[in-house]
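> With the input below, show me the fold.
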Amino acid sequence: MDNNEILRRLRFTLDLSDDAMIDTYKKGGEEVSRAEISDWLKKEEHEDFDAVIDENLAVFLNGLIVNYRGKKDGQTPIAEVVLNNNIILRKLKIAFNFKSDEIVYLMKLGGQKVSESELTSFFRNPKHAKYMHCNDQYLRAFLNGFQKQRIKQRKNS
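Numbers count the residues shown, from 1 in each chain. Now for the predicted structure:
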């Protein structure tokens, strides 16, 4: 999955306006303009499309953590320069305070079965013998399940 697709999915799932996106980036430690956000959200075929680099997505995810969990000891988290699906999944887990069984449920809802032991291997240190790379199919299933759950919650409220 590319960073632009992840950003688009999160914006839709969380129903974020441009102002909310700008605020989330600010909480993550970076000022962005409405034009930048607009260009990041465009499809690749559009002439104004601009790719979201790993650091920009990391800032947004850090902003989500601050937004939903609060600042840790008053400091803004430092954005990673290089992201992978494992880090993205971990940041979303932290931001929304998901427990392992909730992530397993969301992945299943998104069409991908994963056991809790498989899931914990995604969150291990990459040097650990039981570490497992989180493939796009797992992250996509998680985002799909998260989106379905949020839509269902909106309908029920």
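
> quick one: residue 105 and residue 145 touch, right?
Yes - with contact defined as CB atoms under 8 Å, residue 105 reaches residue 145; the gap is 7.2 Å. (Glycine included, C-beta is placed from N, CA and C.)

> ok, the two, which is more surrounded?
residue 145 (21 against 14; other CB atoms under 10 Å).

> residues contacting the more buried one?
Contacts for residue 145 (CB atoms under 8 Å, 6 or more residues apart in numbering) come out as 105-111.

> so where do the helices sit in the chain?
Taking DSSP state H as the criterion, the chain carries its helices at 3-14, 18-27, 34-41, 54-69, 85-95, 100-109, 116-122, 136-156.

> Kindly export the longest one (C-alpha atoms) in PDB.
Output of helix 136-156 as PDB, limited to C-alpha atoms (Å, rounded to 0.1, in the frame of the first residue of the first chain):
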ATOM      1  CA  ASP A 136       0.000  -5.100   2.500                       C
ATOM      2  CA  GLN A 137      -2.800  -7.700   2.600                       C
ATOM      3  CA  TYR A 138      -2.900  -7.500   6.400                       C
ATOM      4  CA  LEU A 139      -2.700  -3.700   6.600                       C
ATOM      5  CA  ARG A 140      -5.300  -3.400   3.900                       C
ATOM      6  CA  ALA A 141      -7.600  -5.800   5.800                       C
ATOM      7  CA  PHE A 142      -7.100  -3.900   9.000                       C
ATOM      8  CA  LEU A 143      -8.000  -0.600   7.400                       C
ATOM      9  CA  ASN A 144     -11.000  -2.100   5.600                       C
ATOM     10  CA  GLY A 145     -12.300  -3.600   8.900                       C
ATOM     11  CA  PHE A 146     -11.600  -0.400  10.700                       C
ATOM     12  CA  GLN A 147     -13.600   1.500   8.100                       C
ATOM     13  CA  LYS A 148     -16.500  -0.900   8.300                       C
ATOM     14  CA  GLN A 149     -16.600  -0.700  12.000                       C
ATOM     15  CA  ARG A 150     -16.600   3.100  12.000                       C
ATOM     16  CA  ILE A 151     -19.300   3.300   9.400                       C
ATOM     17  CA  LYS A 152     -21.400   0.900  11.500                       C
ATOM     18  CA  GLN A 153     -20.800   3.100  14.600                       C
ATOM     19  CA  ARG A 154     -21.900   6.200  12.700                       C
ATOM     20  CA  LYS A 155     -25.100   4.500  11.600                       C
ATOM     21  CA  ASN A 156     -25.900   3.400  15.200                       C
END
